[in-house]
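Asks: Generate a structure from the sequence data that follows.
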Amino acid sequence: MLTDAYPTTLYPFRFRRLAPDNIVAVSETGDHIFLNDSTLSDLVHRFANFSAPQIAELKSKFFLGPPGGTPGLRRLISSRIAAKHETVLSGPSLHIIVPTLQCAHSCRYCQVSRALDDEGHTMSMDDLDAACDTIFESRAQALTVEFQGGDPLLRFDLIRHAIERIQTRNIGEQRHLRFVVTSTLHQLTEEMCQFFKAHKVYLSTSIDGPEELHNRNRPLPGKDGYERTLKGMSLARRIIGVDAVAALVTVTRNSLEYAETIVDQYVDLKLHDIFLRPLSNYGFAVKNAHALSYSHAEFAAFYAQAFERVIYWNRQGYPLREVGASIALNKVLSTHDGGYVDLQSPSGAGLAAIVYNYDGFIYPSDEARMLAEMGDFGLRLGKIGQPLAQVLKSPVQRDLIQASLGRYVPGCDECAYRTYCGPDPVNTYGRFGTTRAPIYLTDHCQRQMWLFDYLFQKLHGEDEDFLNLAFEWAKPNGG
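Replies: Now for the predicted structure:
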């Protein structure tokens with residue numbers, strides 16, 4: 001029990017009810033505790049009656065402390081809070097280059113309205129060189145350069161040129177570089193693999209589940225998309241290495257009945273990461289929404305079933321990580337933020353990630369350039385070749401920052417998960433035509449609120465094996 005010799009006061013916190021008599025409370029530093037109605041009341045009104053171990057825990061998680069805090073404690077709290085925002089304060093670290101919009105697929109859910117021809121849909125060499133040089137104007141020491149499309153392997157010559165130019169420039173810059181190519185892998189050759197191995201390039205692809213489902217979601221005239229992707233994956237693994245390729249899932253209405261089968265397919269393919277992504281409201285996905293979309297409740301049921309299957313395989317000794325949960329758990333359990341763009345406040349769009357598009361313009365995120373493909377250019381930041389500092393001071397970027405400061409956004413300001421999350425102004429703009437629609441109406445808010453609720457319930461109720469897995473996933477590099 002506390003005495004007057006050690007004055008202690010209650011520090012600000014927010015809380016959320018997960019179930020009857022099950023409450024999670026989150027301090028300003030992002031530390032959390034589980035309470036019931038009685039202990040919540042005691043914390044607010046009678047915390048002096050807590051036991052010494054309870055008081056120690058509450059102090060260690062910054063729910064209690066000396067009035068006003070000591071200088072050392074104030075610095076500690078400030079540094080803990082700053083660590084949650086480090087990735088949006090050190091300059092863009094993810095640089096996405098879109099060398100071409102060409103792609104042979106006509107995926108019904110595609111976020112990009114892809115092109116079948118090269119004319120007018122490929123980046124000029126001058127813009128490519130300017131984009132490569134602009135990357136180094138960021139203050140970030142660790143730089144990821146990701147090539148997207150369309151399918152960028154259709155213009156491997158541009159990928160080769162960009163990587164060689166960036167690495168030559170980096171001899172003097174001495175940054176930590178990471179290269180990723182996102183592709184169907186259908187055009188992958190031994191020559192490409194040898195180049196990627198020499199330059200430590202990772203590959204990312206899409207595998208939506210078993211062959212029939214994958215080919216239905218990602219049709220080709222030959223109906224062999226799945227077979228060709230696996231052939232490319234096999235080639236990359238043989239030449240580059242067993243961990244050369246990562247994959248992700250886009251969940252359509254067709255996917256809902258395959259929750260466990262999709263997870264099992266990733267195990268069969270000896271993949272150790274699975275990213276269960278919902279549909280996005282861009283490109284062909286909008287045109288085909290009537291056939292592909294589903295309610296939030298339907299996706300939540302699918303995700304929960306698939307997640308339990310992921311846990312099952314881990315308990316069988318097969319390491320498999322669900323990337324979305326890993327990102328959220330990093331926010332909750334780690335003091336070092338992994339830097340996922342969509343969960344930053346202010347938004348990582350532009351501040352942490354930036355896109356150099358084939359059309360010669362710069363966008364704050366992949367979704368923003370997708371809106372441009374749909375005819376809405378309202379989120380353009382500037383032209384490739386402009387100084388990065390000028391681009392990041394543009395009116396569009398300023399608006400994205402202001403609209404994503406959760407502390408000042410109604411609905412976010414009092415949310416228990418504000419420390420872990422933030423508004424997604426690009427997503428909001430895409431749906432409502434403004435960056436400032438009511439947050440509770442956005443898909444982003446509903447989806448992330450549900451995910452944090454779900455994971456906190458599991459953290460509160462699961463056994464030690466799950467907690468160990470959660471802390472492993474929570475590491476900034478994903479475990």
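
Asks: my read: I81 touches S27, true?
Replies: No - the pair I81 / S27 is not scored as a contact, 10.1 Å apart, by C-beta atoms under 8 Å. Every C-beta, even on glycine, is put in place using the N, C-alpha and C of the backbone.

Asks: Which of these two has more residues huddled nearby?
Replies: Neighbours were counted for I81 and for S27 using other C-beta atoms under 10 Å; S27 has more, 20 against 14.

Asks: I'd say that one and L43 touch.
Replies: No - with contact defined as C-beta under 8 Å, S27 does not count as touching L43 (11.1 Å).

Asks: between the two, what contacts are shared?
Replies: F63 (C-beta atoms under 8 Å, 6 or more residues apart in numbering).

Asks: Now do the strands for the stretch 251-400 of the chain: every range, in order, please.
Replies: Using DSSP state E, counting those that start in this stretch, the strands found in the stretch 251-400 of the chain span residues 273-274, 276-277, 321-322, 353-356, 361-363, 382-383.

Asks: Just name the most buried of these.
Replies: Among the strands of the stretch 251-400 of the chain, strand 353-356 has the highest mean neighbour count (mean count of other C-beta atoms under 10 Å), at a mean of 27.

Asks: what does that one contact?
Replies: Strand 353-356 is contacted from outside by 92-98, 123, 127, 131, 134, 341, 362-366, 368-369, 381, 384, 388, 391, using C-beta under 8 Å, 6+ apart.

Asks: so where's the stretch 151-300 of the chain uncertain?
Replies: Along the stretch 151-300 of the chain, segments meeting pLDDT under 70 span 281-291.

Asks: mind redoing it with 80?
Replies: For the stretch 151-300 of the chain, the stretches with pLDDT under 80 are 280-292.

Asks: what about the helices in it?
Replies: Along the stretch 151-300 of the chain, counting by DSSP state H, counting those that start in this stretch, helices occupy 156-173, 190-198, 211-217, 225-239, 259-268, 284-287, 289-292, 296-315.

Asks: As JSON lines, those helices with mean neighbour count and distance to T252 would be great.
Replies: Shown next, in JSON lines, are the helices of the stretch 151-300 of the chain (neighbours: other C-beta atoms under 10 Å; distance: least, C-beta to C-beta, whole Å):
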{"stretch": "helix 156-173", "mean neighbour count": "16", "distance to T252": "29"}
{"stretch": "helix 190-198", "mean neighbour count": "16", "distance to T252": "30"}
{"stretch": "helix 211-217", "mean neighbour count": "19", "distance to T252": "6"}
{"stretch": "helix 225-239", "mean neighbour count": "19", "distance to T252": "15"}
{"stretch": "helix 259-268", "mean neighbour count": "18", "distance to T252": "11"}
{"stretch": "helix 284-287", "mean neighbour count": "18", "distance to T252": "9"}
{"stretch": "helix 289-292", "mean neighbour count": "13", "distance to T252": "5"}
{"stretch": "helix 296-315", "mean neighbour count": "17", "distance to T252": "10"}
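
Asks: possible to save these as TSV with distance to D463?
Replies: Shown next, in TSV, are those (distance: least, C-beta to C-beta, whole Å):
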stretch	distance to D463
helix 156-173	46
helix 190-198	41
helix 211-217	33
helix 225-239	35
helix 259-268	20
helix 284-287	39
helix 289-292	37
helix 296-315	10
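
Asks: Let me see the domain layout of the protein.
Replies: Domain assignment for the chain by automatic domain parsing gives 9-67, 90-383.

Asks: Which one of those domains lies nearest to G422?
Replies: Among these, domain 90-383 comes nearest to G422, with 2.8 Å by C-beta to C-beta.

Asks: Just the strands from the stretch 1-150 of the chain, written as ranges.
Replies: With strands called from DSSP E, counting those that start in this stretch, the stretch 1-150 of the chain shows them at 9-10, 13-19, 22-27, 32-35, 64-65, 94-97, 142-147.

Asks: Output the ones you listed as a markdown table; include the columns distance to L292 and mean pLDDT.
Replies: Shown next, in a markdown table, are the strands of the stretch 1-150 of the chain (distance: least, C-beta to C-beta, whole Å; pLDDT from 0 to 100):
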| stretch | distance to L292 | mean pLDDT |
| --- | --- | --- |
| strand 9-10 | 49 | 95 |
| strand 13-19 | 31 | 97 |
| strand 22-27 | 34 | 98 |
| strand 32-35 | 36 | 97 |
| strand 64-65 | 50 | 95 |
| strand 94-97 | 25 | 98 |
| strand 142-147 | 25 | 97 |
